[in-house]
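>>> Provided below are the primary sequence and the corresponding predicted coordinates.
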Amino acid sequence: MSERFFNDPILNSPYERPSQHWELVDGIPTEESVAGRRESRLITPIPQPKKRGGKGEQVQQRSLAIGAEELSDEKQQYEVTQQIDSIRILVEEWRQAPESQWKVTPETARLLKHWRHHEFQGIRPFWCQIEAAETAIWLTEVAPELGKRGKYILEKLESANEEANAEANSELFRLALKLATGAGKTTVMAMLIAWQTINAARHPGSSRFTKGFLVVAPGLTIRDQLRVLQPNDSESYFTRMELVPQVLRPELGKARIVITNYLSEWHPAFLQLAATLEGCARRYAHYCRHYRPRAKPASKSCWGSRLLQRDGGSGGKGGSRKGVAAGQLLLPWGGGGVDLPLPEEWQRLAETFRRANGARASSWD
């Protein structure tokens, strides 16, 4: 195995388009670097073919790679997706085009120029972060304006979405942006929120943009960390990382962002407060405003004091000692039983414990 790969694995700048990549043979890196960007090799399910001609004839589809063939069976066929590389090429062509051919709103163009060329005071966005935002922008604003070429891409994505989510709210279109660990996905989320919110505020009649966002975190810790997506947070990414030009920042206040935990569930008692969630929230908020917790009474005894309050065999209700089973041995201070000699160290320890728990010095024999 190549030592060069482990000693000097970085080939590209994080702020520039990848110009080379390591060659892999059966998943193992070699000493050779290959020019250009690595192609996508993700395996995806092939949507079920649609019927043609009303006679039930179906278009035959086949797997495109060995890895896909190993996963495929009679019920489901898989292929190495070609859409990712195709979209990458189209987005690259669009990126190189002059601004007059971008086919985006003036607000989107302003954000793109800001992310690409602004002199950031701190860490500027990585190339992969900008490309992720550019891809979402291209699919939303540019592809619908490209005629058959863009329509083909969108139809393929919609078909795959319907097939994959047939039993999980298929009407909700899903689009995933895959980034490596540490690439900065939170920054990409902030960029997308800014792009959508600003355009929704400036173009309220457009159905392509929204001011409402639901961010679902996999746990409480990450949920708390994602507060940086709130425009009014003291550590907001929009301001601290300079993701939005100063002239556009006032529009971010119109965003409605809900950040929740994936495992969160409404408590049944909460849902019984009213007929709707808004009503439940109002009644619960009213309850919280008027609730006054009652202070618990202070404890009057230390731990173990009741067990050691007997003195010379007296204790319990009425001072009578409870019965002792035949053959039971009692400690010397318990009264009755067999008087066993104890080591001096035990005696000192017992005396210390007895005094610490409220026993009177006079009761010690």
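Everything's here; your move.
>>> Next, the residues that contact the helix or strand Arg95 falls within from outside, please.
In the assignment (DSSP states H and E), Arg95 maps to helix 83-96. By CB atoms under 8 Å, 6 or more residues apart in numbering, the surrounding residues in contact with helix 83-96 are 17, 37, 39-40, 42, 101-102, 131, 134-135, 138-139, 142-143, 149, 153, 156-157, 160. (Each C-beta comes from the backbone N, C-alpha and C, glycine too.)
>>> May I see the buried residues of it?
Going by neighbour count (16 or more other CB atoms under 10 Å), the buried part of helix 83-96 is Ile84, Ile87, Leu90, Val91, Trp94.
>>> what's downstream of it, the next helix or strand?
Following helix 83-96 in sequence order, the next helix or strand is helix 106-117 (DSSP H and E).
>>> buried ones in that next one?
Within helix 106-117, the residues scored as buried using 16+ other CB under 10 Å are Glu107, Thr108, Arg110, Leu111, Leu112, His114, Trp115.
>>> what's downstream of that helix, the next helix or strand?
Going down the chain from helix 106-117, the next helix or strand is helix 127-137, by DSSP H and E.
>>> Any idea how far that next one is from the middle of the chain?
With CA atoms, centre = their mean, to the nearest Å as the basis, helix 127-137 stands 20 Å off its chain's centre.
>>> about what we covered before: between the buried residues of helix 106-117, which is nearest Ala274?
Of all these, Ala274 sits closest to Glu107, with 39.4 Å by CB to CB.
>>> That closest one and Ala200 touch, don't they?
No - taking contacts as CB atoms under 8 Å, Glu107 lies outside contact range of Ala200: 9.8 Å.
>>> tally of neighbours for Ala281?
By other CB atoms under 10 Å, 13 other residues sit near Ala281.
>>> Kindly report the same for the one 4 residues further on.
Burial of Ala285 is recorded as 10 neighbouring residues (other CB under 10 Å).
>>> Helix, strand or coil: sort out it for me.
Secondary structure assignment for Ala285 (DSSP: H, G, I helix; E, B strand; the rest coil): helix.
>>> Now for Asn161: which residues touch it?
Neighbours of Asn161 in contact, by CB under 8 Å, 6+ apart: Ser170, Phe173, Arg174, Leu175.
>>> just those: which has the poorest pLDDT?
For the contacts of Asn161, the weakest pLDDT value sits at Ser170, with 72.
>>> Mind putting the buried residues of helix 83-96 into a markdown table with pLDDT?
Formatted as a markdown table, those follow (pLDDT from 0 to 100):
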| residue | pLDDT |
| --- | --- |
| Ile84 | 87 |
| Ile87 | 93 |
| Leu90 | 94 |
| Val91 | 95 |
| Trp94 | 96 |
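>>> Quickly name whichever of these is closest to Arg227.
So of those, ranked by how close each gets to Arg227 (CB to CB), first place is Val91, at 31.0 Å.
>>> Ignoring the adjacent residues along the chain, who's closest to that closest one?
Using CB to CB, 6 or more residues apart in numbering and skipping residues adjacent in sequence, the residue nearest Val91 is Trp138, 5.0 Å away.
>>> which residues touch the one you found?
For Trp138, the contacting residues are Ile87, Leu90, Val91, Trp94, by CB under 8 Å, 6+ apart.
>>> just these now: which is nearest Asn232?
Relative to Asn232, and with distances defined as CB to CB, the nearest of the contacts of Trp138 is Val91, at 32.6 Å.
>>> can you pull out the strands in this protein?
20-25, 28-35, 43-45, 51-52, 57-58, 78-80, 212-217, 256-261 (DSSP state E).
>>> among those, which is the most enclosed?
strand 78-80 (a mean of 19; mean count of other CB atoms under 10 Å).
>>> re earlier: starting at the chain centroid, how far to the helix holding Arg95?
On the basis of CA atoms, centre = their mean, helix 83-96 sits 28 Å off its chain's mean C-alpha point.
>>> Quick one: work out the angle between it and helix 106-117.
90 degrees (axes from the mean of the first three to the mean of the last three CA atoms, to 10 degrees).
>>> you'd agree Leu172 is up against Glu162?
No - with contacts counted by CB under 8 Å, Leu172 stays clear of Glu162, the gap being 10.6 Å.
>>> These two - which one has more neighbours?
Glu162 (14 against 8).
>>> The closest residue in space to that one that isn't next to it in sequence: neighbouring residues, count only.
Distance criterion CB to CB, 6+ apart; nearest residue to Glu162, sequence neighbours excluded, is Ser170 at 5.2 Å. Taking other CB under 10 Å as the criterion, the count of residues near Ser170 is 13.
>>> How about Ile10?
6.
>>> wait, which of the buried residues of helix 83-96 is closest to Asp233?
Using CB to CB, those come closest to Asp233 at Val91, 31.0 Å.
>>> Show the pLDDT at His118.
With respect to pLDDT, His118 has a value of 95.
>>> likewise Glu167?
As predicted, Glu167 sits at a pLDDT of 70.
>>> where in the stretch 1-150 of the chain is pLDDT low?
Low-confidence regions of the stretch 1-150 of the chain, defined by pLDDT under 70, span residues 1-2, 43-81.
>>> What separation do you get for Phe270 and Arg283?
Using CB to CB, to the nearest Å, Phe270 is found at 9 Å from Arg283.
>>> Oh, that last question was meant for Val188, not what I typed.
For Val188, the distance to Arg283 - CB to CB - is 38 Å.
>>> Compare these two (neighbour count), which wins?
Set Val188 next to Arg283 and count neighbours by other CB under 10 Å: Val188 wins out with 21 against 14.
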